[in-house]
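J.: Let's see this in three dimensions:
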Amino acid sequence: MSATFKHDMTMMFVIHDALRRELEHLAKVAARTSDDPVTILRTAAGWEMFKSYLHVHHGAEDEALWPGIREALAGRPDDLAVVEALEAEHLTIDPMLDAIDAALADPAGHERLGDLVDALVTGLGGHFKHEEDEGLPVIDDVATPPLLMGFGQAHAQRIGPDNPRYLPWLLDGASESDSATVLRVLPEPARAAYENAWVPAYAKINRWSI
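T.: Next comes the predicted model:
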């Protein structure tokens, strides 16, 4: 396994784990009965960050990963079907996010919020598992270092100037090994900024009003 592939696959699992973590927070807020979850989520930094970083991840896959993988799978219909199914699953996620936003903007939205959040947790969680179980072995088999580099660059470009907030969010709760793998590609000044400025600033964000 090349260092590039190891880094990118570690990133894939770390991103999925971070998004799963936020889904758990979202579900906990939606299930609260002591106060109004709609009011909380309407202004929650965690909800906006979750949506933004999910769009970054899926957008980078759609733009810079899956097209190259599909091209490499010519003549392999079974593996191509896996990739096409994963791409199709992406299309089901945005309507779920939009439905939750619509509920948050509706005075009666609390009546359907719980079911909408449950659907997102189930749908997105199932997509991540599908991608990890069936998609990553296909990527492992056919992805080239330039393709993976392009995917990483597309991801970084979509994050852009939000990196000081994104990286601490991404690595919140990650293992030391995974954190080291992700941070290893940063130049030394950025690693120092991560430890000394980015993490302390992130720690002050009350993402889910908990």
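
J.: how about the nearest residue to the most centrally placed residue in the chain, chain neighbours excluded?
T.: The chain has residue 54 as the residue nearest its centroid, 4.1 Å off, counting by C-alpha atoms, centre = their mean. Nearest residue to residue 54, sequence neighbours excluded (C-beta to C-beta, 6 or more residues apart in numbering): residue 19, at 5.9 Å. (Each C-beta comes from the backbone N, C-alpha and C, glycine too.)

J.: go on, residue 96?
T.: residue 120 (4.6 Å).

J.: ok, and for the one helix or strand that neighbour maps to, which residues are buried?
T.: When elements are assigned from DSSP states H and E, residue 120 belongs to helix 110-130. Neighbour-count burial for helix 110-130, counted by 16 or more other C-beta atoms under 10 Å, picks out 113, 116-117, 120-121, 124, 127-128.

J.: Tell me who's in contact with the nearest residue in space to residue 36 that is not next to it in sequence.
T.: If the residues on either side of it in the chain are set aside, residue 36 comes closest to residue 110, at 6.6 Å by C-beta to C-beta, 6+ apart. Going by C-beta atoms under 8 Å, 6 or more residues apart in numbering, residue 110 touches 36-38, 103.

J.: Also residue 87?
T.: Contacts of residue 87 were listed using C-beta under 8 Å, 6+ apart, and they are 62, 66.

J.: separation between it and residue 183?
T.: Per C-beta to C-beta, to the nearest Å, residue 87 is found 30 Å from residue 183.

J.: could you point out which element follows the helix or strand hosting the residue nearest to the centre of the chain?
T.: Under the criterion of DSSP H and E, residue 54 resides in helix 45-60. Sequence-wise, the next helix or strand downstream of helix 45-60 (DSSP H and E) is helix 66-72.

J.: shaky segments in the chain?
T.: Across the chain, the ranges flagged by pLDDT under 70 are 1-7, 210.

J.: thought residue 179 was touching residue 173?
T.: No. Residue 179 is beyond contact range of residue 173, at 9.7 Å (criterion: C-beta atoms under 8 Å).

J.: And the two? Which one has more around it.
T.: Higher neighbour count among residue 179 and residue 173: residue 179, with 18 against 11, using other C-beta atoms under 10 Å.

J.: quick one, what contacts the more buried one?
T.: Counting by C-beta under 8 Å, 6+ apart, residue 179 touches residue 171.

J.: That one and residue 34, how far apart?
T.: From residue 179 to residue 34 the distance is 34 Å (C-beta to C-beta).

J.: ok and the helix holding residue 120 relative to helix 45-60, angle-wise?
T.: 40 degrees (axes from the mean of the first three to the mean of the last three C-alpha atoms, to 10 degrees).

J.: Tell me the helices and strands packed up against the next helix-or-strand element following helix 110-130.
T.: Downstream of helix 110-130, the next assigned helix or strand under DSSP H and E is helix 136-142. Packing partners of helix 136-142 (3 or more C-beta pairs under 8 Å, 6 or more residues apart in numbering; DSSP states H and E): helix 3-30, helix 66-72, helix 77-104.

J.: got a list of contacts for helix 136-142?
T.: Outside helix 136-142, the residues that touch it by C-beta under 8 Å, 6+ apart are 1, 5, 9, 12, 65, 69, 72-73, 79, 82-83.
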